[in-house]
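[1] here you go, sequence then predicted model.
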Amino acid sequence: MDATGITEASQYLTFKLDQEIYALDITQVSEVLDFSEITKVPRMPDFMRGVINLRGGVVPVVDLRLKFGMTRTEKTVDTCIIIIDLTIEGDTTLLGVLADSVQEVMIMEPGQISPPPKIGTRLDTEFIKGMGKKNDEFVIIVDIDKVFSIDDMIILQAHEEDLALKETMDRDSEKQVILEE
């Protein structure tokens, strides 16, 4: 095993945040959606932009730019939502991640990937799986499961459950109105 822990060629979905190129392991990506309306949810952390309806299910959408300390993602013709499978402590959930644009799916060999930079003890780079290289540009390979904390997941799941309950109550009250008529 090499210094990055990556031992075989893998496919990555590359995307841009600001001017930097990031990559996610393709096995965690479910799909890429055009930017759509996001329903805001009150009292959520800044990086949590809201939720979308994905085939009848509620999917939280986060702004990675905000999570990474950048400015808020603005809607452009290239802005998209990457739907990923996020696993924290064995619990898996769908999550939408805003990206400025999706670039391509690329294969990287272990030899093309360097270990994450050691920036000292004050900066958390645990979420960086490695630094790939494409032409003369670095590609930051993100371990998306380590970007979010347990507390983040608890907040996201609690709001998912609240919204699902609200949708059920709304449907029940609509049925009640129809029955009363």
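    Good, I have the coordinates. Residues are numbered from 1 along each chain as shown.

[2] relative to residue 49, how far out is the spatially most central residue of the chain?
    By Cα atoms, centre = their mean, the chain has its centre lying nearest to residue 97, at 3.3 Å. Residue 97 sits 10 Å away from residue 49, going by Cβ to Cβ, to the nearest Å. From N, CA and C alone the C-beta is placed, and that goes for glycine too.

[3] quick one: mean pLDDT for stretch 86-106?
    Mean per-residue pLDDT for stretch 86-106: 88.

[4] shaky segments in this protein?
    1-6, 119-125, 149-181 (pLDDT under 70).

[5] how about the strands in it?
    Here the chain has its strands, by DSSP state E, at 10-17, 20-25, 29-34, 48-54, 57-63, 80-88, 91-99, 101-108, 128-134, 137-142.

[6] report the distance from the first one to the chain centre.
    So that's strand 10-17. Taking Cα atoms, centre = their mean, to the nearest Å, the mean C-alpha location of strand 10-17 is offset from the chain mean by 12 Å.

[7] in that strand, what counts as buried?
    10, 12-15, 17 (16 or more other Cβ atoms under 10 Å).

[8] strand partners of it, parallel vs antiparallel please.
    Strand 10-17 has its sheet partners listed here by DSSP bridges as strand 20-25 (antiparallel), strand 101-108 (antiparallel).

[9] now do the buried residues in the longest one.
    Residues of strand 101-108 classed as buried by neighbour count (16+ other Cβ under 10 Å): 102-103, 106, 108.

[10] just put the strands paired with strand 10-17 in TSV and tack on distance to residue 34.
    Shown next, in TSV, are the strands paired with strand 10-17 (distance: least, Cβ to Cβ, whole Å):
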stretch	distance to residue 34
strand 20-25	18
strand 101-108	10
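
[11] residue 71: which of those strands is closest?
    Closest to residue 71 of the strands paired with strand 10-17, according to Cβ to Cβ: strand 20-25, at 13.0 Å.

[12] run through who's touching the closest one.
    The contact list for strand 20-25 (Cβ atoms under 8 Å, 6 or more residues apart in numbering) reads 10-16, 64, 82, 84, 99, 103, 106, 108, 129, 132, 134, 137-142, 144.

[13] ok now that strand, how far from the chain's centre?
    11 Å.

[14] ok, which of the strands paired with strand 10-17 comes nearest residue 69?
    When the strands paired with strand 10-17 are compared by Cβ to Cβ, strand 20-25 sits nearest residue 69, at 12.2 Å.

[15] so the closest one versus strand 80-88, what angle?
    Interaxial angle of strand 20-25 relative to strand 80-88 (axes from the mean of the first three to the mean of the last three Cα atoms, to 10 degrees): 50 degrees.

[16] list the buried ones in strand 20-25?
    21-25.

[17] okay then, goodbye and thanks.
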